[in-house]
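*Asks:* Sequence first, then the predicted structure, then my questions.
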Amino acid sequence: MEKSNQIIKYSMTIIGVFLATMVVGAIIILLIGSNPIEAYGAMFNYALGDASAVVNIMNRSMGLILSGLCAAVAFNAGISNLGAEGQIYLSAMAAALVGYKLTGLPTVIHLPLCFLAAISAGIIGAAIPGWLRVKLRVDE
């Protein structure tokens, strides 16, 4: 019974925050002289209009989703890691650079090299602030 009350309370909190956000957004949209129903309709149509819209939103948000997961793991270990999104972007740039510059290789070699470049860039992106924290006591 206790668990179901927590789930209901948590769900009501999420719904309340969502509704409050929508109301505040509607007030701001009204203040700038536009129709909030049309604005929200366009927003939801853009995000959920068809399968390609959903894929586009997921593609654009994947960096934030992955960095949130990284931060959750770090926070669970008692470490604050605020550079996870930057590490993901560094990794993506390194993989793209290796994938673009190294041509003529078979896929069996090319793909692992891209992964290796991404992993190395992510490690370097995490090692610099990690080293600064351990050696110089610099906070993230």
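*Replies:* Received the coordinates, thanks.
*Asks:* Measure how far the lowest-mean-pLDDT helix or strand in the chain is from the centre of its chain, please.
*Replies:* Using mean pLDDT, DSSP states H and E, helix 51-76 stands out as the lowest-scoring helix or strand of the chain, at a mean of 85. On the basis of Cα atoms, centre = their mean, to the nearest Å, helix 51-76 sits 4 Å off its chain's mean C-alpha point.
*Asks:* buried sites along it?
*Replies:* Buried residues in helix 51-76, counted by 16 or more other Cβ atoms under 10 Å: 67, 70-71, 74. Yep, even glycine has a C-beta here, placed from its N, CA and C like the rest.
*Asks:* Now do G86: how many residues are near it, please.
*Replies:* By other Cβ atoms under 10 Å, 15 other residues sit near G86.
*Asks:* in the chain, which ranges drop under the pLDDT threshold?
*Replies:* The chain contains residues with pLDDT under 70 at 1, 140.
*Asks:* where along it do the helices fall?
*Replies:* Along the chain, the segments classed as helices by DSSP state H run 2-31, 36-48, 51-76, 84-101, 107-136.
*Asks:* for the buried residues of helix 51-76, which one is nearest Y46?
*Replies:* Distance to Y46 across the buried residues of helix 51-76 (Cβ to Cβ) is lowest for S67, with 23.1 Å.
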